[in-house]
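Asks: Give me the fold of what follows.
(one chain, ligands or ions: 2)
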Amino acid sequence: MKEVPGSYGLPVVGAQKDNLDFLHLQGEVEFFKSRVARYNSTVFKVNFIPGNPAFPDPRGIALLDQSSFPVLLDSSKVDKTNVFTGSYKASDDFTGGYRVLSYLDTTDPKHATLKNFAFEVLKRNGRKFLPEFQSAFHAAFDAAESELSSGKNKADMAPLLNQLAFQFLAKSIVNVDPLTTMLADQGPTHLLRWIGIQFAPVAPGNSTPLPGFAEDVVIRTAPLPFLLVKADYDKLCEFFQLAAEMLDMGEKEFGLSREEAVHQLLFLVGMNSWFGFSARVLPNLLYRVGTLGAEFQKRLGDEIRAAIDVGDPAGSFYGALEKMPLLKSTVLEVFRFDPPVLYQYGRPREDMVVESHDAKFVIKKGQLLGGSQALVCRDPKVFEEPDQLIPDRFVGKEELQANVFWSNGRNTKSPTADDKQCAGKNFVETIARFYLVQLFARYKTFELSEDSTLNTPFLKPFARN
Ligand code: HEM
Ligand SMILES: CCCCC[C@@H](/C=C/C=C\CCCCCCCC(=O)O)OO
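Replies: Ligands and ions are numbered 1, 2, ... in the order given. Below you'll find the predicted structure:
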């Protein structure tokens, strides 16, 4: 049994120093790597962000290996109340005064109800997702091609992917085409403002055009007031009030007031779903498959085009899945190599022993535990050549999936109402696979521009190495 190594430094000053390293001097991957080396341990004391005095106590313990990290996935061991983004929790003002599912621990009486509501939202609209994604995909890439034909030698994909993600989710779940409403094509703009202000304190370094410390003063001194994005949120609420069938279901089958159902649905679709696709999954897959080059793209494209009916990708997708092992492995490898959400947190329900690969530690009840998948999913004890993007890595090695945690759960597991695993885990994987199917039903190969910033918009620490 060992003492957890590391120190929090002096009050206030220690957190400032750690935040400075994390945000600016080292970046959010080197920050942890350098401390693993310094303490010769993958478990150690650390001040998480945000560390300014206006925020709650940032002190915690990092779990950075495949042995200790999984304790965060075990809701019998850790309390997940209000730790969605660590020690900082955005005010309920951002969600209409309601506590949304992502902040509820599994012991909260409303957790199961709201998680089952999330499952039903996906189930009831299941048959619409692939056709709606397909048409939104073609609209996005038609727009990209018209940018190319207008003399520019590259297309700016990020805003097109933002629209793609919003269009297919809104049409499938709200069952209304946003472009025909007062929202028009402004859904992503309002969402980016609402999300950016709400989660500013946990944004990585240089997430805004402001230079270094100016950014810290503006977005990391104290929580930013909801008032800054009330107009945006009101427009989004007005749109989600059109989701008659989903709101009826919330009221009649899950006991929610219509008012609460609007806010719960908005966070589920606007933050949990849209932000995940637009800020991470869609740009990341395009970027990483881009970096793998023409040779690989031909190999993957051949597998896809041999398996699906190119004339009807949506209709032939499910039947073709088993014939696309490289596609499944490639998606999973991108989620391992560049996890969409790096941090998961939890607080032990009781004093407990946590084991890393080479030591045991006593952790006290209530302490803030946090892990970065940037290190955990590159644990050299589990993955060979962990820092290499190897698309075939999981072909014929399905058991390795158990060591990929992108959904806040082992990838071999599906979410339930009794855990905190992403409710959309299987849905996200389906869409991610279908996205690459669409890409290679439409193109043979594609290239990234040399100055591509497609993998930087949000939470993209790997862009820097
Ligand atoms: C698009 C990419 C997505 C990513 C990368 C992602 C990732 C995650 C992660 C890491 C968590 C755990 C957060 C924590 O408590 O530590 C989570 C929770 C959650 N996600 Fe997702 N998610 C995505 C999409 C979706 C979609 C499409 C849905 C739609 C239903 C969804 C619904 C949820 C819900 C309801 C929770 C809270 C689960 C609970 O409290 O038990 N997510 N997601
Ligand atoms: C980033 C992808 C979000 C996926 C949605 C998922 C949420 C996961 C958990 C935590 C969200 C972290 C949000 C940080 C936002 C930083 C915004 C910014 O940089 O200004 O819920 O399903």
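Asks: Could you find the closest non-adjacent residue to whichever residue of the stretch 301-450 of the chain sits closest to ligand 1?
Replies: Closest contact between the stretch 301-450 of the chain and ligand 1, by CB to the nearest ligand atom, is at residue 424 (2.5 Å). (Glycine included, C-beta is placed from N, CA and C.) Using CB to CB, 6 or more residues apart in numbering and skipping the chain neighbours, the partner closest in space to residue 424 is residue 273 (6.2 Å).
Asks: That neighbour in helix, strand or coil?
Replies: Secondary structure, DSSP: H, G, I helix; E, B strand; the rest coil: residue 273 is helix.
Asks: repeat for residue 354
Replies: Here residue 354 is recorded as strand under three-state DSSP.
Asks: quick one: contacts for it?
Replies: Listed by CB atoms under 8 Å, 6 or more residues apart in numbering, the contact set of residue 354 reads 43, 63, 68, 71, 360, 361, 363, 369.
Asks: Check what pLDDT it gets.
Replies: Confidence at residue 354, expressed as pLDDT, is 98.
Asks: partner residues bridging it?
Replies: Going by DSSP bridges, residue 354 is paired in beta bridges with residue 361.
Asks: From ligand 2, how far off is it?
Replies: Going from residue 354 to ligand 2 by CB to the nearest ligand atom, to the nearest Å gives 22 Å.
Asks: Show me which positions of the worst-scoring helix or strand of the chain on mean pLDDT end up buried.
Replies: The weakest-scoring helix or strand in the chain, judged by mean pLDDT, DSSP states H and E, is helix 212-220 (a mean of 89). Buried residues in helix 212-220, counted by 16 or more other CB atoms under 10 Å: 215, 216, 219, 220.
Asks: Next to ligand 1 in this structure, residues from the protein, please.
Replies: Residues of the chain lying near ligand 1 by CB under 6 Å from any ligand atom: 80, 84, 101-102, 104, 115, 118, 122, 268, 272-273, 276-277, 280-281, 340-341, 344, 406-408, 420, 422-424, 427-428.
Asks: Also within reach of ligand 2: list those from those residues.
Replies: Answer for those near ligand 2 (CB under 6 Å from any ligand atom): 84, 272, 276, 280, 340, 341, 422.
Asks: how many other residues sit next to the first one?
Replies: Put plainly, it is residue 84. Neighbour count of residue 84, defined by other CB atoms under 10 Å: 23.
Asks: That one contacts residue 102, doesn't it?
Replies: Yes - between residue 84 and residue 102 there is a contact at 4.4 Å, judged by CB atoms under 8 Å.
Asks: Need the three-state assignment for residue 45.
Replies: Applying three-state DSSP: residue 45 is strand.
Asks: elements contacting the longest helix along the chain?
Replies: With residue count as the measure and DSSP state H as the assignment, the chain has helix 126-149 as its longest helix. When contacts are defined as 3 or more CB pairs under 8 Å, 6 or more residues apart in numbering; DSSP states H and E, helix 126-149 sits against helix 157-169, helix 313-320, helix 425-442.
Asks: Pick the most buried one from those helices.
Replies: The highest mean neighbour count among these, using mean count of other CB atoms under 10 Å, belongs to helix 157-169: a mean of 23.
Asks: List of residues touching the following helix or strand past that helix?
Replies: Reading on from helix 157-169 to the C-terminus, the next helix or strand found by DSSP states H and E is helix 187-198. Residues from elsewhere that reach helix 187-198 (CB under 8 Å, 6+ apart): 90, 94, 159, 162-163, 165-166, 170, 178, 183, 203, 207, 224, 226, 228-229, 232-233, 235-236, 239, 270-271, 274-275, 278.
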